[in-house]
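Enquirer: return atomic coordinates for the entry below.
(2 chains)
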Amino acid sequence: MLKRASTDTIPWDTADKNGGIHVQGVTKTFTQWQRENAGKGILKNLLKPEKKTVHALDDVSFTVNPGEFVAYAGPNGAGKSTTMKLLAGMLRPTQGHISVLGMSPDKDRIRLMHKLGVLFGNRTELWWDHPILQSFEWKRVVWDIPDAVYKRNMEMVTDLLDIGGLLKTFARELSLGQRMRVDLAMMLLHSPTLILLDEPTLGLDVVAKRQMIDFLKKINRENAVTIIVTSHDMDDLEEMAERILMVSNGKIAYNGSFDGLRLLSASYGVEIKTVVIKKAPIEQVIAGLYKAWK
Amino acid sequence: MLSLYALYAKMDLAWLLRDRTFAVLAILADVISNLSSVTGIFLLAWRFDGLGGMNRFEVLFMLAYTTVVTGIFQTFCSGGNTGHISRRIGRGQLEHMFIQPVSLPMQLATEGFIPFSGSSNLISGAVMMGIALHNLDITLPWWWILSLAGNLLITMAIILGSSYFAACFTFYAPVQAEEISSFVIDTFGHISTFPLSGMPRYLQLPLITFIPTGLLAWFPTLALFGKAPFGLSAWYPLLIAIVIWLFAVYFFRKGLNHYVKKGINRYHPMGHRR
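Expert: Numbering: from 1, shown residues only, chains lettered A, B, ... in the order given. So this is what the prediction gives:
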């Protein structure tokens, strides 16, 4: 069954290496401090600190083709945010090769950032003590966006994300949903060809989530923007993306369509239907998959 | 680069003027704070007709010099904690900089520019300097002003280099060393207001070498008036500035390398940047 699932993936060597994302054999390890909570442990730690090596990603390979909308899912600590940071050049892999839009995130950072949009749900790029328009103006200058492109994109995001009434508001005054919409709008001002979204729907209410999902689907469909999105919410992911990459314990546990995943999960007795998802959280689904995969 | 400076200047003005009461209070508080920080030493110098071989107005010039240096630092390096760089490292905020299509040195050089809300020290220091020079009864050649500018630049380089050098620890201990830049800058600022002329050599020497707070106001003041201590060249602080920057650049690059390899398992939002 898993072999069948793996044929659902797109081999990395057939992908357009100048357009999408090409990740090959990437490993990322971190060290964690360890210590016993007793006197002896504390003393021992003083002389020889105990450290544990954690494999956030372990020989991960995948490809995302230009124009694709890919979901990147997994339980807490699976390596989702680490992957996003590696793709955005915020971290460097311990091993392996990463190519984003034909560029190395590490070596071609400045050139890549002109074409890449990054949004972390728990962070903002907005200037807290300024109106939203000021943050947009900051983006125009720092990204050196031509006036015509800036004007066109401003009109587009203002209209589609319904943020016209928020432009003069200070960022610190916005609600979470408003802030996310505005952050998304700002991210798009330089016309990125690839967007990395880490938990963009985190904490959003139903209406705000709906607006964001519709907007992302639209720009993916009409502007051929490549999008990778992470989320804990399988419903959101299935609605947005065409393909899903499931990561667990630092390894790609599944790479293929949602239908393929559903079939695969059913064969292992784990239902992944929308209505049952609350009873079978994603952690269980991946745990089942990963166990079988190993 | 100029467009970035213009952008941050505009943002600073907009921030300062967002509320009339706030703007007046912010400026007033800065001026009172600046003057009170140097008044004590000046009153002592006035009472005893100078301190440690420096007359009243030489002491006032030294205090003005340190105020101007603080003003330049605040004007160019205070926005977004670019001068207090250990805060940005320790809070995991360098990641915001990595996703901008601008080199890190360029971001660090421009983002801290707050010419309106940060210039009160610069202005009050310049006024104090004018008063001191007016009362010193000396004739200065035209190029003296260039020498003053050069000394101010070197002093700035020593402070900023020391802040960045100390901040290298933050790459390895983000929580513990988050405030190390502030500690270095504040310590330098406090000690630099004391005239060292009357102190024994075994105290003066470390303060112009290992802990170069004596180079931030005392040494340049004497050098500018042709009385550089220990018979050293007036440009001796330049040598120290170069050494500090060599260390700072070397270890900062190493630390940055560590940061992108290991990451920092800590993040504070940028929201409270000012």
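
Enquirer: what does the stretch 101-250 of chain A put close to chain B?
Expert: A:106, A:109-111, A:113-114, A:116, A:118, A:122-125, A:127-130, A:134, A:137-138, A:141-144, A:171-172 (Cβ under 8 Å from any Cβ of the partner chain). C-beta here means a position set from N, CA and C on the backbone, and glycine is covered the same way.

Enquirer: which of the residues you listed are buried? Put it as a PyMOL command.
Expert: Applied in PyMOL, the following selects the buried portion of these according to 16 or more other Cβ atoms under 10 Å in any protein chain shown:
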select buried, chain A and resi 109+113+116+118+123+124+125+127+128+129+130+134+137+138+141+142+143+171
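
Enquirer: just the ones of the residues of the stretch 101-250 of chain A next to chain B in strands?
Expert: Assignment to strands by DSSP state E places the following of these there: A:116, A:118.

Enquirer: select from the residues of the stretch 101-250 of chain A next to chain B every entry located in helices.
Expert: Counted as lying in helices by DSSP state H, out of these, are A:109-111, A:113, A:134, A:137-138, A:141-142.

Enquirer: quick one: the helices in chain B, in order.
Expert: Counting by DSSP H, one finds helices in chain B at the ranges B:2-16, B:20-47, B:56-77, B:85-90, B:94-98, B:104-111, B:120-135, B:144-172, B:180-192, B:201-204, B:218-224, B:236-262.

Enquirer: make a markdown table out of these and add distance to chain A and mean pLDDT.
Expert: Formatted as a markdown table, those follow (distance: least, Cβ to the nearest Cβ, whole Å; pLDDT from 0 to 100):
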| stretch | distance to chain A | mean pLDDT |
| --- | --- | --- |
| helix B:2-16 | 5 | 89 |
| helix B:20-47 | 11 | 79 |
| helix B:56-77 | 17 | 89 |
| helix B:85-90 | 13 | 91 |
| helix B:94-98 | 5 | 87 |
| helix B:104-111 | 9 | 91 |
| helix B:120-135 | 19 | 88 |
| helix B:144-172 | 12 | 94 |
| helix B:180-192 | 20 | 87 |
| helix B:201-204 | 35 | 87 |
| helix B:218-224 | 36 | 90 |
| helix B:236-262 | 4 | 93 |
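
Enquirer: could you export those helices as CSV, including mean neighbour count?
Expert: Formatted as CSV, the helices of chain B follow (neighbours: other Cβ atoms under 10 Å in any protein chain shown):
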stretch, mean neighbour count
helix B:2-16, 17
helix B:20-47, 14
helix B:56-77, 25
helix B:85-90, 25
helix B:94-98, 20
helix B:104-111, 17
helix B:120-135, 18
helix B:144-172, 20
helix B:180-192, 19
helix B:201-204, 11
helix B:218-224, 24
helix B:236-262, 17
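
Enquirer: how about the contacts made by A:P66?
Expert: By Cβ atoms under 8 Å, 6 or more residues apart in numbering or on different chains, the contact list for A:P66 reads A:16, A:19-20, A:193, A:224, A:226.

Enquirer: hmm, I typed the wrong one, I wanted A:N45.
Expert: Here A:N45 is in contact with A:35-36 (Cβ under 8 Å, 6+ apart).

Enquirer: give me the pLDDT for it.
Expert: On pLDDT, A:N45 comes in at 77.

Enquirer: one more: A:N18?
Expert: 57.

Enquirer: equivalent analysis for A:T63, please.
Expert: 91.

Enquirer: wait, B:L133 sits on B:E58?
Expert: No: using Cβ atoms under 8 Å, B:L133 makes no contact with B:E58, being 10.4 Å away.

Enquirer: rewinding a little: tabulate the ones in helices among the residues of the stretch 101-250 of chain A next to chain B (CSV), appending pLDDT.
Expert: Below are those laid out as CSV (pLDDT from 0 to 100):
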residue, pLDDT
A:R109, 89
A:I110, 90
A:R111, 91
A:M113, 91
A:Q134, 93
A:E137, 93
A:W138, 93
A:V141, 93
A:V142, 93
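
Enquirer: what's around the nearest residue to B:I264 once chain neighbours are set aside, how many residues?
Expert: Residue nearest to B:I264 in three dimensions, not counting chain neighbours: B:G92, with 4.4 Å by Cβ to Cβ, 6 or more residues apart in numbering or on different chains. When neighbours are counted by other Cβ atoms under 10 Å in any protein chain shown, B:G92 registers 19.

Enquirer: so B:G92 makes contact with B:K262?
Expert: No: using Cβ under 8 Å, B:G92 is not in contact with B:K262; the gap is 11.6 Å.

Enquirer: contacts only, for the residue nearest to B:I264.
Expert: Neighbouring residues of B:G92 by Cβ under 8 Å, 6+ apart: B:174, B:264, B:266-268.

Enquirer: for A:I145, same thing?
Expert: Residues in contact with A:I145 (Cβ under 8 Å, 6+ apart) are A:139, A:153, A:189-190.

Enquirer: beta partners of A:V26?
Expert: In this structure, A:V26 bridges to A:V60 when assessed by DSSP bridges.

Enquirer: show me the contacts for it.
Expert: Per Cβ under 8 Å, 6+ apart, neighbours of A:V26: A:57, A:59-61, A:86, A:93, A:95-98.
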